[in-house]
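Student: next come a sequence and a model predicted from it.
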Amino acid sequence: MPQVTRSSSAAASLSAPSVRPGLDSTVATLPGRGTAPASATPARRWRLIDALRGFALCGILFANAPFLLGIGEGLSPDDFAGQLSSSTGSGLLGVLVEQRFVPIFCFLFGLSAQLIVLSARRRGTSPWLPLALRLVALLGIGLLHALVFPGDVLREYAVAGLALLPVVLLAPRWLTAALGAVLTIVAFAVLGGGVVTVPGLLLLGSAAASYGLPAVLERPGRSVVAVFVTALLASVAGTVAQAAGGPEAAFGAVGASTGLVVAVTYASGLALLWRTRARALLAAAFEPLGRTALTNYLAASVVLTLVALASSGLGWSTMTTYLPMVVASAALLVVQSLLSRLWLRHFSYGPVEWAWRSVTWRRLAPMRGGVL
């Protein structure tokens, strides 16, 4: 989940998506909002959405790890910045990771919220209570997680979701999309990113689900190719501008806007690769992480905090290179991906996802039935 900047101290085929009743990553068509009657379409799990979520989780871990491990905390800000600025690893993280994955995750959070709405309506249930319970539960999870990682923004996700609940549930999808676009442009291009980006991205994700984006991404056509090429060109231009602006540019409108277009490049590029032979590898690596994203996100904070305590002799607080952090984070992600895949062979949800889903629908979700 989301990163915090130092300035703020934070095997598969090409077949169609599998149909599995009762899962959150679903889509349907609702009268008046571009979807079909609730009972007309069975629940469907969009595997690319899970892979995208897992991919974003990887990037966010690399962004959060320096803070979880306490890298540079024993140095003055000037000394840390000066010594780190000459580090190749720091430069690569700035170009490839920082502010590049949070937009994907936040957008998918909004998309998932709308999928809960569609699932509730398909069940013939009002979506108000399930979605409200889901967001309140997320707020509680965020408050607990903040005890380990103060930079956690699950709380902001939950609060923004609760505040925007009437828009998500009542506004026509075109209005949701338009409002989300305006808020996102202002947040990135004017306010310089940060927590203020959450409302706009949440609304854009919600509208995207209503317009059927998961299906479009599963079988991308020329429109996705056009988005990828446009975003790639904008990413190159933005990265050049960010580099020319110096370290300060990374935390302003230029850095935030560049992060957004890079995020679009990553997401659309992954969707295009999903239609190639690379899909099997992408699914094996990222899909298990995405289906258990919340569990893995929380577990990573605990594990890296314990690693920092157990290996304090390595001098994390005075370290001026990110290489040990990259190695530790990569190793953790490999272990999490393997464990998640093993878990999902026997169970339908990750442990925290199961509890979250049970609260959402006010009954214990079935745990058995894994497919990976």
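Tutor: Sure, I can see it. Numbers count the residues shown, from 1 in each chain.
Student: okay, now the unreliable bits of the stretch 51-200 of the chain?
Tutor: 74-91 (pLDDT under 70).
Student: where exactly do the helices run in it?
Tutor: 77-84, 88-96, 102-122, 128-145, 154-163, 165-170, 173-185, 198-210 (DSSP state H, counting those that start in this stretch).
Student: show me what the last one is packed against.
Tutor: Helices and strands touching helix 198-210, as assessed by 3 or more Cβ pairs under 8 Å, 6 or more residues apart in numbering; DSSP states H and E, comprise helix 102-122, helix 154-163, helix 165-170, helix 173-185. No exception for glycine: its C-beta is placed from N, CA and C like everyone else's.
Student: contacts for the last one, please.
Tutor: Contacts with helix 173-185, where a contact means Cβ atoms under 8 Å, 6 or more residues apart in numbering, come from 33-34, 110, 167-168, 171, 197, 199-208, 210-211, 260.
Student: show the buried residues in those.
Tutor: In the contacts of helix 173-185, burial by neighbour count holds for 33, 110, 167-168, 171, 197, 199-208, 210-211, 260, counting by 16 or more other Cβ atoms under 10 Å.
Student: shaky segments in the stretch 251-372 of the chain?
Tutor: Applying pLDDT under 70 to the stretch 251-372 of the chain picks out residues 369-372.
Student: try 90
Tutor: Counting by pLDDT under 90, the stretch 251-372 of the chain has low-confidence residues at 251-252, 254-255, 311-325, 365-372.
Student: tell me the centre residue of this structure?
Tutor: Central residue of the chain (Cα atoms, centre = their mean): Phe105, 1.7 Å from the mean position.
Student: ok, for that one, nearest residue in space, not its chain neighbours?
Tutor: Distances taken as Cβ to Cβ, 6 or more residues apart in numbering place Ala56 nearest to Phe105, at 4.3 Å, with adjacent residues excluded.
Student: can you count the residues close to that neighbour?
Tutor: 29 (other Cβ atoms under 10 Å).
Student: re earlier: look up how far Gly315 lies from the residue nearest to the centre of the chain.
Tutor: Plainly put, Phe105 is 31 Å away from Gly315 if you go by Cβ to Cβ, to the nearest Å.
Student: touching, the residue nearest to the centre of the chain and Ile60? I think so.
Tutor: Yes - taking contacts as Cβ atoms under 8 Å, Phe105 lies within contact range of Ile60: 6.2 Å.
Student: name the nearest residue to Glu98, ignoring sequence neighbours.
Tutor: Excluding its sequence neighbours, the residue lying closest to Glu98 (Cβ to Cβ, 6+ apart) is Ala63, at 5.8 Å.
Student: quick check, the one you found in contact with Leu96.
Tutor: No - applying Cβ under 8 Å, one finds Ala63 not in contact with Leu96, separated by 10.2 Å.
Student: neighbour-wise, which of these two wins?
Tutor: Taking other Cβ under 10 Å, Ala63 and Leu96 do not tie; Ala63 has more neighbours (24 against 14).
Student: excluding its backbone neighbours, what's nearest Ser210?
Tutor: Closest to Ser210 by Cβ to Cβ, 6+ apart is Arg173, at 4.0 Å.
Student: now do the buried residues in the helix or strand where Leu282 lies.
Tutor: Element membership for Leu282, per DSSP states H and E: helix 279-291. If you call a residue buried by 16+ other Cβ under 10 Å, then helix 279-291 has these buried ones: 279, 282-291.
Student: stretch 101-120 too?
Tutor: By neighbour count on 16+ other Cβ under 10 Å, the buried set for stretch 101-120 is 101-120.
Student: sorry, back to before: and the residue nearest to Phe105, what does it touch?
Tutor: By Cβ under 8 Å, 6+ apart, Ala56 lies in contact with 101-102, 104-105, 108.
Student: and Phe347, its phi and psi?
Tutor: Main-chain torsions, Phe347, degrees, to the nearest 10: phi -130, psi 160.
Student: how close does the residue nearest to Glu98 get to Pro172?
Tutor: Separation of Ala63 from Pro172 (Cβ to Cβ) stands at 35 Å.
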